[in-house]
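> How does the following fold in three dimensions:
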Amino acid sequence: MVISPVSIGSAPAPVRQTDAGCGCGGCGCGAAESTATPEIAVATESTVTTQTAAADQVEAGQSVTTTAYGVDGMTCGHCVKAVTEELAAVSGVSDVAVDLVVGGTSTVTVTSAAPLDLADVRAALDEAGYELAGQV
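Modelled structure (predicted):
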């Protein structure tokens, strides 16, 4: 499933995997109920902004790099938002897209001005509370 960009407002507190959360399997987001549905569409204002920045780079003739990563532990839209926000904050990132696979390895595609240091990607995912499974 591909997560479509829509603006949803202000950013939540940092997310860590715990036994609490929205009931989706332990994301720790603190939401009142599960959002783990097959038809989930979540993005943040920063996602919309970064997608525009990536398109602007291409139009300006600047090169961009797109890399797909496998990420374990994501179960819902709150997970997607946390990962998207942390990766969007990495220097050079202009777009983040997530294909959420509940109960499996999700694919996170990152567009950047240059190849990213894998340690930076791993650190951003760790900050969001998830584990890098590797490059896809």
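
> In this protein, where is pLDDT below threshold?
Residues of the chain that meet the criterion pLDDT under 70 lie in 1-61.

> Try it again at 90.
In the predicted model of the chain, residues 1-63, 103 satisfy pLDDT under 90.

> just the helices in it please.
Counting by DSSP state H, one finds helices in the chain at the ranges 45-59, 77-88, 118-128.

> Report all helices and strands that the second one contacts.
Helices and strands touching helix 77-88, by 3 or more C-beta pairs under 8 Å, 6 or more residues apart in numbering; DSSP states H and E, are helix 45-59, strand 93-99, strand 105-112, helix 118-128. All C-beta spots, glycine's among them, are computed from the backbone N, C-alpha and C.

> which secondary structure elements does the third one contact?
Put plainly, it is strand 105-112. Using 3+ C-beta pairs under 8 Å, 6+ apart as the contact criterion, the secondary-structure elements in contact with strand 105-112 are strand 65-72, helix 77-88, strand 93-99.

> okay but Thr65 is in contact with Asp95, surely?
No. The pair Thr65 and Asp95 does not pass the contact test of C-beta atoms under 8 Å, sitting 10.8 Å apart.

> Spit out the residues that contact these two alike.
Residues touching both Thr65 and Asp95 comprise Thr111, with contact defined as C-beta atoms under 8 Å, 6 or more residues apart in numbering.

> The two: which has the busier surroundings?
Counting neighbours by other C-beta atoms under 10 Å for Thr65 and for Asp95 shows that Asp95 has the greater number, 24 against 13.

> so what's that one bridging to?
Beta-bridge partners for Asp95, by DSSP bridges, are Thr111.

> what sits against Asp126?
If you count contacts by C-beta under 8 Å, 6+ apart, then Asp126 has Leu132 around it.

> go on, Gly70?
When the contact criterion is C-beta under 8 Å, 6+ apart, the partners of Gly70 are 105-108, 132-136.

> again, only using 6 Å
Contact partners of Gly70, counting by C-beta atoms under 6 Å, 6 or more residues apart in numbering, are 105, 133-134, 136.
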